[in-house]
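In: what shape does this take:
(one chain, ligands or ions: 1)
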Amino acid sequence: DGSVLRRQEGSFDKLLGGLLVDGFDEKSCHSRYQSSMYRRNPGRKPSPYLVSKLRRQEALQRRCSPGTAAYSTALEQLRSDNRSVTGSPECKYLVSISYNGLGNRILAAAAAFLYTLLTDRVLLIDPNNEMDELFCEPFPNTTWLLPPGFPLNYFSFSIDTPESYGNMLKNKVVRTDVASDAPVYAYIHLNYDATQDDKLFFCDEDQRLLQNIPWLVMRTDNYIVPGLLLDRGYHEESARLFPEPDTVFHHLGRCYDAYLATAQHRVGIQVRVFGGQPNSPALLEQITKCTQKHGVLPERLSGTEPVVPGPSRKSIAVLVTSLKSWYSEKLKSMYWEHAAATGEAVSVHQPSHEEFQQFGSKSHDAKAWAEIYLLSLTDTLVTTAWSTFGYVAQGLGDLRPWVMYRPENNSVVPDPPCGQDVSMDPCFHSPPIYDCRLKNVADTGNIVPQVKHCIDRSWGLKLE
Ligand code: GDP
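Out: Numbering: from 1, shown residues only. Presented below is the predicted three-dimensional model:
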């Protein structure tokens, strides 16, 4: 097996082709340099340009991050809310607010990171919701965590905040058509309820204006990356960073790493259910139909036929992740009671069943992270539509999953039950429906070739 071989030879690439930098204290985060050992699929190679850009970003973070004189000056400007107080011209900041489930938080952080790479800003992550505990520090000799005492009370920022970019445009506090003084900060509201004005953020002329604002505070639980490529401004830089467009999250996601567990499972099935829902026989049927139709799991014998052991009886380990245990128990007993028609041995495992989604629980989040990670180590992945939990797993693992379509009616199995995703990159759930060039409502899946609609959400956008 490849991973064992790589481990024995010690030839695995612990720096993931330059995504990670050498020189961190290994004890500060074991998973950082060990993650390459767990993966059979070594993942895609980052471009040399991305690697050099990451090194430049690390240097920028060191020059401008909390603790530096530049940071104090910039903070002073923010406190006084006055452009005439001199800031730090070379240090502009993006503060990314962390909220919602773990998958959402990871996608939002990765998208914020890409935005800082494209705009030469310093990334500061809101440490709430255990972001400080669940992730390793990505930047050596500095911190990416926003320290306590930040003057803006961003917890309360919402669609109504007067300093949101959308509201400032609407109220003509800032204008793209005539020169206007840029404020010291803007709140970027890209939540699911963002307005058309908020989403003008994705247009080049608005990006030019935003470049003059030293502090941006962004709230999103979405993977906004496809939106950043709808207008042309970032195309060239993004193509240099990511010659393969759909690897954006794959590379950025792998810059951070988790506390992991080791496993050699091959098939991952992510069953995203919500705490209050009853167990659904229709969803179980959708799982079996999907996996058997596409050869992910073997058909079962109906009863009396003898098992004919083939020349190479494979064993299939199935990793199920879900808040509930009912689905994996049913799958387990199916393959226990009726051997697989192919003679393959199927074993089913589920690491945890937390029953309900919890907020602010460290051990709950750590289990979720470990399970996302384990899913990413599988060879074939089956996911549930609309779930950022599954998106993170597919992106880290370089996997195009079988996505189980969202049923219109919970008691009816969708036909077909699932389809293979067009790329591994996550779906942007609430994209703009606006063409920046035509200044008109438009089908944003048709504007640029690398941004297409998602298979699990017809109006969503993803990179291909
Ligand atoms: P999404 O809501 O499906 O987009 O995914 P998120 O990860 O953002 O939020 C779902 C949260 O519910 C996770 O972060 C976990 O806290 C919890 N959760 C959902 N499904 C699972 C699961 O299969 N295993 C574990 N351990 N937690 C889960």
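In: tell me who's in contact with the closest residue to the ligand within the chain.
Out: Nearest residue of the chain to the ligand: Gly101, at 1.9 Å (C-beta to the nearest ligand atom). Bear in mind the C-beta positions are built from the backbone N, C-alpha and C, glycine included. By C-beta atoms under 8 Å, 6 or more residues apart in numbering, the contact set of Gly101 is 221, 357, 368, 388-389.
In: same question for Asp379.
Out: Contacts of Asp379 (C-beta under 8 Å, 6+ apart): 40-41, 266-267.
In: if we can go back for a sec, any idea how far the residue of the chain closest to the ligand is from Phe274?
Out: As judged by C-beta to C-beta, to the nearest Å, Gly101 and Phe274 stand 11 Å apart.
In: which neighbours do these two share?
Out: By C-beta under 8 Å, 6+ apart, Gly101 and Phe274 have these common neighbours: Gln357.
In: residues contacting the nearest residue to Gln57 once chain neighbours are set aside?
Out: Leaving aside its sequence neighbours, Gln57 sits nearest to Leu117 (C-beta to C-beta, 6 or more residues apart in numbering; 5.9 Å). Leu117 is in contact with 53-54, 57, 241, counting by C-beta under 8 Å, 6+ apart.
In: again, only using 10 Å
Out: Contact analysis of Leu117 by C-beta atoms under 10 Å, 6 or more residues apart in numbering lists 50, 53-54, 56-57, 60, 123, 234, 237-238, 241, 252.
In: the helices in the stretch 151-300 of the chain, which residues?
Out: 165-170, 196-199, 204-210, 225-228, 235-241, 248-255, 281-293 (DSSP state H, counting those that start in this stretch).
In: for Gln57, pull up the helix or strand it's in.
Out: helix 48-64 (DSSP states H and E).
In: what angle do the helix or strand following that helix and helix 48-64 make?
Out: Counting by DSSP H and E, the element after helix 48-64 in chain order, helix or strand, is helix 69-80. Interaxial angle, helix 69-80 versus helix 48-64 (axes from the mean of the first three to the mean of the last three C-alpha atoms, to 10 degrees): 70 degrees.
In: remind me what helix 69-80 packs against, helices and strands.
Out: For helix 69-80, the elements it packs on are helix 48-64, strand 93-97, strand 122-125, strand 215-219, judged by 3 or more C-beta pairs under 10 Å, 6 or more residues apart in numbering; DSSP states H and E.
In: cutoff 7 Å now
Out: Packed against helix 69-80 by the contact rule (3 or more C-beta pairs under 7 Å, 6 or more residues apart in numbering; DSSP states H and E) you find helix 48-64.
In: and the helix it packs on, how far out from the chain middle?
Out: Offset of helix 48-64 from its chain centre (C-alpha atoms, centre = their mean, to the nearest Å): 21 Å.
In: that helix to helix 248-255, inter-axis angle?
Out: Using the same axes, to 10 degrees: helix 48-64 against helix 248-255 is 50 degrees.
In: list the buried residues of helix 48-64.
Out: 50-51, 53-54, 57-58, 60-61, 63-64 (16 or more other C-beta atoms under 10 Å).
In: swap in stretch 333-346?
Out: 334-335, 339-340, 342-344, 346.
In: pick out the most distant pair among the residues you listed.
Out: In those, two members sit farther apart than any others by C-beta to C-beta. They are Met334 and Gly343, at 15.8 Å.
In: show the buried residues in the contacts of Gly101.
Out: 221, 368, 388-389.
In: mind listing which of those are in strands?
Out: Residues of the buried ones among the contacts of Gly101 located in strands (DSSP state E): none.
In: which of the residues you listed are close to the ligand?
Out: Restricting the buried ones among the contacts of Gly101 to those within reach of the ligand (C-beta under 6 Å from any ligand atom) leaves 368, 388-389.
In: got the residue ranges for the strands in the chain?
Out: According to DSSP E, the strands that the chain contains are 93-97, 122-125, 185-189, 215-219, 267-271, 315-322, 345-349, 380-384, 402-404, 418-420, 434-435, 440-441, 451-453, 461-463.
In: I'd like those strands as CSV, with mean pLDDT appended.
Out: Listed next are the strands of the chain as CSV, based on pLDDT from 0 to 100:
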stretch, mean pLDDT
strand 93-97, 97
strand 122-125, 97
strand 185-189, 98
strand 215-219, 98
strand 267-271, 95
strand 315-322, 90
strand 345-349, 84
strand 380-384, 97
strand 402-404, 98
strand 418-420, 98
strand 434-435, 96
strand 440-441, 96
strand 451-453, 97
strand 461-463, 97
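In: could these go into TSV alongside distance to the ligand?
Out: Below are the strands of the chain laid out as TSV (distance: least, C-beta to the nearest ligand atom, whole Å):
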stretch	distance to the ligand
strand 93-97	14
strand 122-125	16
strand 185-189	19
strand 215-219	15
strand 267-271	6
strand 315-322	3
strand 345-349	13
strand 380-384	7
strand 402-404	13
strand 418-420	16
strand 434-435	25
strand 440-441	27
strand 451-453	18
strand 461-463	15
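In: list the buried residues for stretch 409-416?
Out: 413-414.
In: list the contacts of it.
Out: 280, 282, 285-286, 289, 405, 407 (C-beta atoms under 7 Å, 6 or more residues apart in numbering).
In: between those residues, which is nearest Leu169?
Out: Closest to Leu169 out of the contacts of stretch 409-416 is Tyr405 (37.1 Å), distances taken as C-beta to C-beta.
In: need the nearest residue in space to the closest one, chain neighbours excluded.
Out: Tyr405's closest residue in space is Pro414 (C-beta to C-beta, 6+ apart), at 4.2 Å.
In: distance check, that neighbour against Gln207.
Out: 39 Å.
In: go on, Val413?
Out: 44 Å.
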